[in-house]
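I would like to see how this sequence folds:
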Amino acid sequence: MIRLIAAELNRLLSRRLTIVLALGVIAIVGLFQIAVASAVTPPSAEQVAAARQGYEQDLKDWQENHESYQQECADSGGAESECTIPAPTEQDYGLAPTPFGDIVGPGVGFAVVMAMLAAYLLAASYIGAEYSTGSLGNWLTFVPQREKVYAAKIVALALASTALGLVSAGLMVGLACIVTTAIGQPLTGIGSVSATAARGIPLVVFAALVGFCIAMLTRHTVAALGALLGYGLVVLGLNILSYLVPALSLLKRWQIETNVQAFLSYGHDYQVIKRVVSVEGVNIEGAVRTLTFGASAAYLGILLLAFLAVTLVVFRRRDVT
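Model prediction:
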């Protein structure tokens, strides 16, 4: 079994697309360091002088009126998270450098998403190419035990996508630390950023295995990409229709992207829409729901196991020629 996994890894890593996608993710992470450097660099005296007046004016307005603004929002049916007005900060006006965690945290999320897309495409094209060229049938003549072949491919993809996740998220944190330290700023929030990066790695594996399953079920790489695009269009349609049919907003709890966000951020608040009947008529209001890390992890795990089980059953019974 170890030799079979090694052979699958060798086939996967020898593909040109693997190298291109890995280099693409690394390039994106590298380019993001320009934004990191710009954000953590202290402003010049001229920039401070230009922004100081606007900051002090808005801070004064917030101190005098934010409670009344929040009360008006709450009276109109807004959720607490929507109505809370944070105090303006010097970072908002460029008067102080952005804290390390505030810029690198979103950067890690961006790197994880890019790695997930790359892993999905890589896994889908990996098995899709084997179907289109007929190499899968030839491979089964050497190793006729389909369960072993299937398991070896899954393990190889899991290992490769883990490496991709480590490189993308780890490189983002590492390079950002180097850039921030070189500029002379503290690594504020490094613990939280590192935890987010660690949680991103299993998400990259999840994306790879889902892409593999969809491509194996459809036998085509393009079909797997079409499924991803189709899912995006369905989500967009649900977001629009939920304002006409508020009950549809309850589906957000079960949408993959909602659970991915909750897993990556260790919990996620999302909004559902409801109709409220009052003496003034029917109003559309939002209600905030919280999806915990544990619930999202369980959902994504069950979903992945279901994909893998169905794919294995189909692979065992279907002709691959």
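
Grab the most central residue of the chain for me.
Nearest to the mean C-alpha position of the chain, by C-alpha atoms, centre = their mean, lies residue 113 at 4.0 Å.

And that residue, which helix or strand is it part of?
Per DSSP states H and E: residue 113 is located in helix 100-133.

Same check on residue 154?
Using DSSP H and E, residue 154 falls in helix 146-183.

Show me what that helix is packed against.
Counting contacts by 3 or more C-beta pairs under 8 Å, 6 or more residues apart in numbering; DSSP states H and E, helix 146-183 packs against helix 2-13, helix 16-40, helix 100-133, helix 135-142, helix 190-218, helix 293-317. For every residue, glycine as well, the C-beta is placed using N, CA and C.

what angle separates the shortest one from helix 2-13?
Helix 135-142 and helix 2-13 meet at an angle of 160 degrees, taking axes from the mean of the first three to the mean of the last three C-alpha atoms, to 10 degrees as the criterion.

Helix 135-142 vs helix 293-317, what angle?
Using the same axes, to 10 degrees: helix 135-142 against helix 293-317 is 70 degrees.

Does helix 135-142 pack against any helices or strands, and if so which?
Right, helix 135-142 is packed against helix 100-133, helix 146-183 by 3+ C-beta pairs under 8 Å, 6+ apart.

Now that helix - C-alpha only, CSV.
Backbone C-alpha positions of helix 135-142 (Å, rounded to 0.1, in the frame of the first residue of the first chain) are rendered in CSV as follows:
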residue,chain,number,x,y,z
SER,A,135,-4.9,5.7,-18.0
LEU,A,136,-7.2,4.7,-15.1
GLY,A,137,-8.2,1.6,-16.9
ASN,A,138,-4.6,0.7,-17.6
TRP,A,139,-3.7,1.4,-14.0
LEU,A,140,-6.3,-1.1,-12.8
THR,A,141,-4.8,-3.8,-14.9
PHE,A,142,-1.7,-3.6,-12.7
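
Just list the residues touching residue 15, thanks.
122, 125-126, 129 (C-beta atoms under 8 Å, 6 or more residues apart in numbering).

Only the buried subset of those residues, as a ChimeraX command please.
Buried members of these, defined by 16 or more other C-beta atoms under 10 Å, are picked up in ChimeraX with:
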select :122,125,126,129
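
Least confident of the contacts of residue 15?
For these, the weakest pLDDT value sits at residue 129, with 79.

got the angle for the helix or strand that contains residue 228 vs helix 100-133?
Here residue 228, judged by DSSP H and E, is contained in helix 221-241. Here the directions of helix 221-241 and helix 100-133 differ by 130 degrees (the same axes, to 10 degrees).

by contact count, what packs against helix 221-241?
Against helix 221-241 (3+ C-beta pairs under 8 Å, 6+ apart) you get helix 100-133, helix 190-218.

Out of those helices, flag the one nearest residue 182.
If you check each of the helices and strands packed on helix 221-241 against residue 182 by C-beta to C-beta, helix 100-133 wins as the nearest, at 12.4 Å.

which stretches of the stretch 101-250 of the chain aren't confidently modelled?
When residues are selected by pLDDT under 70, those of the stretch 101-250 of the chain lie in 139-140.

Hmm, residue 303 is touching residue 256, no?
Yes. Using C-beta atoms under 8 Å, residue 303 is in contact with residue 256, at 7.4 Å.
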